[in-house]
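Sequence and predicted structure below; questions after.
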Amino acid sequence: MAISPFTQSLIRKGLGKLAGLPGDITRTQESATNNQFEQAQNDWRVRLSLAPDATYLYKASKPGILKPLNGTKGVIFPYTPQIQVSYAANYEPTEPVHSNYKIYQYRNSSVDQISITATFTAQDTEEANYMLAVIHFFKSVTKMFYGQDQIPVNGTPPPLCFLSGLGTYQFNNHPIVITSFNYSLPDKVDYIRAQLESPSPVPNNEPPTGAQEGTQAKEPTIIQRIARLGLTLLPGGEAPPTVFSPPRPGKFTDATYVPTQIQIQLTAYPVVSRNDIRDKFSLEQYANGSLTTKGIW
């Protein structure tokens with residue numbers, strides 16, 4: 001969006017602040033046009049990622065269909081998800097005989113199950129690839145390393161994930177383990193094809209359908225159209241049955257279809273090590289927000 005010459009003259013005269021805008025119109029215009037809000041501040045989108053030194057799943061040397069997650073360093077939720085976190089202080093009751101009241105004694109505190117409900121959409125092949133990677137990632141993090149696994153060694157529990165987003169004092173690389181992943185494939189939306197691998201090149205002896213690259217296909221004349229129509233019609237003017245040719249190798253055989261909109265549900269448990277509780281925890285520091293920046297639930 002270009003700034004009109006009249007507005008530019010106002011800016012030069014020091015009148016660049018318009019009603020309803022908190023700052024200079026040039027700064028507001030750049031922020032709205034470039035959509036780079038995260039560059040001005042920390043990226044506050046909700047993200048689930050692996051440990052920085054992980055060498056598995058989308059960080060593996062051959063991530064396969066998880067490769068799109070490598071570019072975003074984990075799963076970025078395109079729409080703000082609904083996150084539910086429960087904190088509890090547990091008390092045990094003591095019931096004295098011949099008393100009107102129970103006596104409650106403190107036992108412990110806990111952070112209970114975390115629920116995340118999120119929406120993903122796909123409007124083109126690239127977004128379809130990302131949605132497919134997200135689905136397969138959450139299916140993968142609910143399984144342990146087993147059988148032929150060597151890095152990590154087989155028998156290793158499911159991977160630890162880190163939740164971040166919504167600013168410094170919300171989620172700051174808070175560790176969690178995914179306990180369940182639910183998604184449904186709706187029947188009342190369109191489906192779009194995901195294709196992670198590039199299609200194989202067309203053989204030299206098989207020209208592509210339509211025009212050659214860089215040239216324009218020649219439109220057939222009316223006489224040619226009539227001639228072709230006469231060759232394809234059966235006696236009585238009936239068209240022959242359609243014959244579908246098999247797909248070319250590498251072009252559609254690896255295709256997978258995902259819905260244009262999907263909703264997923266995650267449940268997780270927070271992870272806090274005993275060393276962190278012993279060496280770092282202080283209610284005073286927790287209350288002033290210092291421990292939140294260190295990933296303490």
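Received, thanks. These figures come from a predicted structure and were not determined experimentally.

which stretches of the stretch 101-250 of the chain aren't confidently modelled?
Flagging of the stretch 101-250 of the chain using pLDDT under 70 yields the residue ranges 196-250.

all strands for it, in order.
Using DSSP state E, counting those that start in this stretch, the strands found in the stretch 101-250 of the chain span residues 103-121, 161-165, 171-183, 191-194.

what packs against the first one?
Counting contacts by 3 or more CB pairs under 8 Å, 6 or more residues apart in numbering; DSSP states H and E, strand 103-121 packs against strand 82-94, helix 125-140, strand 261-270. Any C-beta I mention is one placed from the backbone N, CA and C, and that applies to glycine too.

again, only this time at 6 Å
strand 82-94, strand 261-270 (3 or more CB pairs under 6 Å, 6 or more residues apart in numbering; DSSP states H and E).

quick one: the shortest one to strand 161-165, angle?
An angle of 110 degrees separates the directions of strand 261-270 and strand 161-165 when computed by axes from the mean of the first three to the mean of the last three CA atoms, to 10 degrees.

residues near the closest residue to I176 other than its chain neighbours, how many?
Among residues not flanking I176 along the chain, A268 sits closest, at 4.2 Å (CB to CB, 6 or more residues apart in numbering). Residues near A268, counting by other CB atoms under 10 Å, number 22.

what is A268 paired to in the beta sheet?
Judged by DSSP bridges, the bridge partners of A268 are I114, I178.

Return the residues in contact with it.
Going by CB atoms under 6 Å, 6 or more residues apart in numbering, A268 touches 114, 176, 178-179.

which one of these is nearest S164?
I176 (10.7 Å; CB to CB).

what's around the closest one, how many residues?
I176 is surrounded by 21 other residues when neighbours are defined as other CB under 10 Å.

residues contacting it?
When contacts are counted by CB under 6 Å, 6+ apart, I176 is found next to 161, 163, 268, 270.

So what sits opposite the second one in the bridge?
Counting by DSSP bridges, L163 is bridged to L48, H174.

picking that back up, next one, pLDDT for the residue nearest to I176 please.
A268 carries a pLDDT value of 96.

can you give me the helices in the stretch 151-297 of the chain?
Assigned by DSSP state H, counting those that start in this stretch, the helices in the stretch 151-297 of the chain fall at 222-232, 274-279, 283-287.

Put the alpha carbons of the last one into CSV.
Only the C-alpha atoms of helix 283-287 are listed here, as CSV (Å, rounded to 0.1, in the frame of the first residue of the first chain):
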residue,chain,number,x,y,z
LEU,A,283,7.7,-19.1,45.9
GLU,A,284,8.9,-15.6,46.0
GLN,A,285,10.7,-15.9,42.7
TYR,A,286,7.7,-17.8,41.3
ALA,A,287,5.3,-15.1,42.3
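
can you give me the mean pLDDT across that helix?
Across helix 283-287, pLDDT averages out at 89.

in that helix, what's buried?
Going by neighbour count (16 or more other CB atoms under 10 Å), nothing in helix 283-287 comes out as buried.

Stretch 273-284 now?
Going by neighbour count (16+ other CB under 10 Å), the buried part of stretch 273-284 is 276, 280.

Same question for stretch 132-140.
132-138, 140.

same deal with stretch 144-151?
F145.

before we move on, what about stretch 62-72?
Using 16+ other CB under 10 Å as the test for burial, stretch 62-72 gives 63, 65-69.

possible to save the helices and strands packed on strand 103-121 as TSV with distance to F281?
Output for the helices and strands packed on strand 103-121, formatted as TSV (distance: least, CB to CB, whole Å):
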stretch	distance to F281
strand 82-94	15
strand 261-270	14
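
Tell me which of those strands lies nearest to G289.
Across the helices and strands packed on strand 103-121, closest to G289 is strand 82-94 (CB to CB), at 15.2 Å.

strands paired with that closest one, and their directions?
Short version: by DSSP bridges, strand 82-94 pairs with strand 103-121 (antiparallel).

The strand it pairs with vs helix 125-140, what angle?
Calculated by the same axes, to 10 degrees, strand 103-121 forms an angle of 150 degrees with helix 125-140.

what sits up against strand 103-121?
Identification of contacts with strand 103-121 by CB under 6 Å, 6+ apart yields 77, 79, 81-94, 131, 261-268, 270, 297.

Now that we have those residues, which of them are buried?
Among these, the ones that count as buried (16+ other CB under 10 Å) are 77, 81, 83, 85, 131, 262, 264-266, 268, 270, 297.

Any chance of JSON lines for the residues you listed, columns distance to V189?
Putting these into JSON lines (distance: CB to CB, whole Å) gives the following:
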{"residue": "F77", "distance to V189": "19"}
{"residue": "P81", "distance to V189": "19"}
{"residue": "I83", "distance to V189": "24"}
{"residue": "V85", "distance to V189": "30"}
{"residue": "M131", "distance to V189": "12"}
{"residue": "I262", "distance to V189": "8"}
{"residue": "I264", "distance to V189": "14"}
{"residue": "Q265", "distance to V189": "18"}
{"residue": "L266", "distance to V189": "21"}
{"residue": "A268", "distance to V189": "27"}
{"residue": "P270", "distance to V189": "34"}
{"residue": "W297", "distance to V189": "36"}
